[in-house]
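Participant: Got a sequence here, can you model it:
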Amino acid sequence: MNNKLFDVIKQLKSNEQLNGYDEAKIKQTVVLRILDILGWDHYNPDEVVPEYSVRGKRVDYALKIGNENKVFIEVKKPNELLEDHQEQLLEYAFAEGVGLALLTNGIDWWFYLPLTEGSWEQRRFYSINLRDQEVEEIVSKFVDLLSKEKIQSGEAINNAKKILESKNRDKKIKEAIPQAWQRLITEVDEELVELLSKKVENICGFRPGIDLIENFLKSLPQISLGPKLPKEPKPGATSPPSASYSYLKIRGFDLRGRHFKVDSWREMLLKLSEIMAYEHSKDFEKVLTLKGKKRPYFSRNKNELRAPKKVGNSEIYLEVNLSADSTVKIAKQVVTLFGYKEDDLKFEYGE
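Facilitator: Next up is the predicted model:
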């Protein structure tokens, strides 16, 4: 056990100020501190290379052994959605032939094997959450996957591949589901399935399949999952499903016959909001009346939102850290604010 790293992780777990740190503070307080303990000399620019240039862009850190890039690390602040940055990081790592990549906001650490087969999401083989996981597990994984000694010997990549290929993944997920449920039932939020999936990943490092979560919830007689999920419509269909949008892939949306192409539910809501801001600039501030149980959905103060995105040229920010169902609900509320009917907004799905 690395006692120094153990003490630092323990301190970070109890540091409630981390959520308010900007990217520079996360780098200094968390990332470089951990790298230093793991044997990386961050004072040596030939070993820990800041702002490493790739294709005219920059990766926050490249860890090098000799002249060879071994690890790329991209750092974000705690309220940023890591999903929005993984594709670019992994494209750079793949293009440079870098075997290991990390995406972190200081609290969540997502580990990737960029050179393996599969989608970007499938190449994410493990995640660490400083808040939820046990200190011993966090220390063990940091040492096994990121210490200079194991990176240099190649053992870190072998450890990563073993995790990715592990036949015990489902077993660990099943063991973590009851723990995640005990933590989750005290939290009030809109999307139980999505929240439980995330909490399981935070505990054991693996993202559970939807079937595992549903089977667990169904095994509890006092729990009702509500209406069954609809069958996924054929590509190009525009009629909305009767129950949940969570498992449908959006390709675009129609607004009174005008078609707009999008790649995600978040992009749909942002695009729709930008259209309303442009066409109804004088009274677009009406969206400020739309609020959730804990936070507003729109605000002039981006610090009120977990993941704010600026709406066009307006001075208003949109919350995008939302489930698909919540996104659709808000989209319908937005259009009705400006004289449309809910049926004027239709969605196109694809595979």
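
Participant: give me the element the closest residue to residue 278 other than its chain neighbours is part of.
Facilitator: Of all residues not flanking residue 278 in the chain, residue 312 sits nearest, at 6.2 Å (C-beta to C-beta, 6 or more residues apart in numbering). Placement of C-beta: from N, CA and C, glycine included. For residue 312, there is no enclosing helix or strand under DSSP states H and E.

Participant: ends of stretch 39-54, how far apart?
Facilitator: From its first residue to its last, stretch 39-54 covers 25 Å (C-alpha to C-alpha, to the nearest Å).

Participant: how about the strands in the stretch 201-350 of the chain?
Facilitator: Counting by DSSP state E, counting those that start in this stretch, the segments of the stretch 201-350 of the chain that form strands are 249-255, 258-261, 298-299, 308-310, 317-319, 345-350.

Participant: any weak-confidence spans in the stretch 101-250 of the chain?
Facilitator: Scanning the stretch 101-250 of the chain for pLDDT under 70 picks out 167-168, 171, 181-192, 210-211, 214-215, 217-244, 246-247.

Participant: can you do 50?
Facilitator: Flagging of the stretch 101-250 of the chain using pLDDT under 50 yields the residue ranges 167, 185-190, 221-232, 234, 239, 241-242.

Participant: returning to that earlier point: so which of the strands of the stretch 201-350 of the chain is the most packed in?
Facilitator: Greatest average neighbour count among those goes to strand 317-319 (a mean of 25), per mean count of other C-beta atoms under 10 Å.

Participant: What is the neighbour count of the residue nearest to residue 278?
Facilitator: 16 (other C-beta atoms under 10 Å).

Participant: For the remainder of this discussion, apply numbering that starts at 151.
Facilitator: I'll keep to 151 as the first residue from here, and by that count the last item is residue 462.

Participant: give the contact list for it.
Facilitator: Contacts for residue 462 (C-beta atoms under 8 Å, 6 or more residues apart in numbering) come out as 423, 424, 427, 428.

Participant: Only the buried subset of the residues you listed, as a PyMOL command please.
Facilitator: Buried subset of the contacts of residue 462, written as a PyMOL selection, criterion 16 or more other C-beta atoms under 10 Å:
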select buried, resi 423+424+427
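
Participant: how about the contacts of residue 462 in TSV, adding distance to residue 284?
Facilitator: Formatted as TSV, the contacts of residue 462 follow (distance: C-beta to C-beta, whole Å):
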residue	distance to residue 284
423	41
424	44
427	46
428	50
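
Participant: what distance separates the start and the end of stretch 437-444?
Facilitator: So stretch 437-444: terminal residues 16 Å apart, C-alpha to C-alpha.

Participant: Same check on stretch 184-203?
Facilitator: So stretch 184-203: terminal residues 23 Å apart, C-alpha to C-alpha.

Participant: OK, contacts around residue 359?
Facilitator: So residue 359 contacts residue 323 (C-beta under 8 Å, 6+ apart).

Participant: Quick check: the gap between it and residue 236.
Facilitator: Per C-beta to C-beta, to the nearest Å, residue 359 is found 19 Å from residue 236.

Participant: Repeat that for residue 191.
Facilitator: 28 Å.

Participant: what do you get for residue 287?
Facilitator: Following C-beta to C-beta, the distance that separates residue 287 from residue 236 is 23 Å.

Participant: domain ranges for the protein?
Facilitator: 153-315, 319-368, 399-500 (automatic domain parsing).

Participant: what's the span of the last one from first residue to last?
Facilitator: Read that as domain 399-500. Domain 399-500: ends 6 Å apart by C-alpha to C-alpha.

Participant: Check the first one too.
Facilitator: For domain 153-315, the first and last residues are 29 Å from each other (C-alpha to C-alpha).

Participant: thinking again about what came up before, dump the strands of the stretch 351-500 of the chain to a markdown table, plus distance to residue 253.
Facilitator: Shown next, in a markdown table, are the strands of the stretch 351-500 of the chain (distance: least, C-beta to C-beta, whole Å):
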| stretch | distance to residue 253 |
| --- | --- |
| strand 399-405 | 23 |
| strand 408-411 | 27 |
| strand 448-449 | 26 |
| strand 458-460 | 19 |
| strand 467-469 | 21 |
| strand 495-500 | 27 |
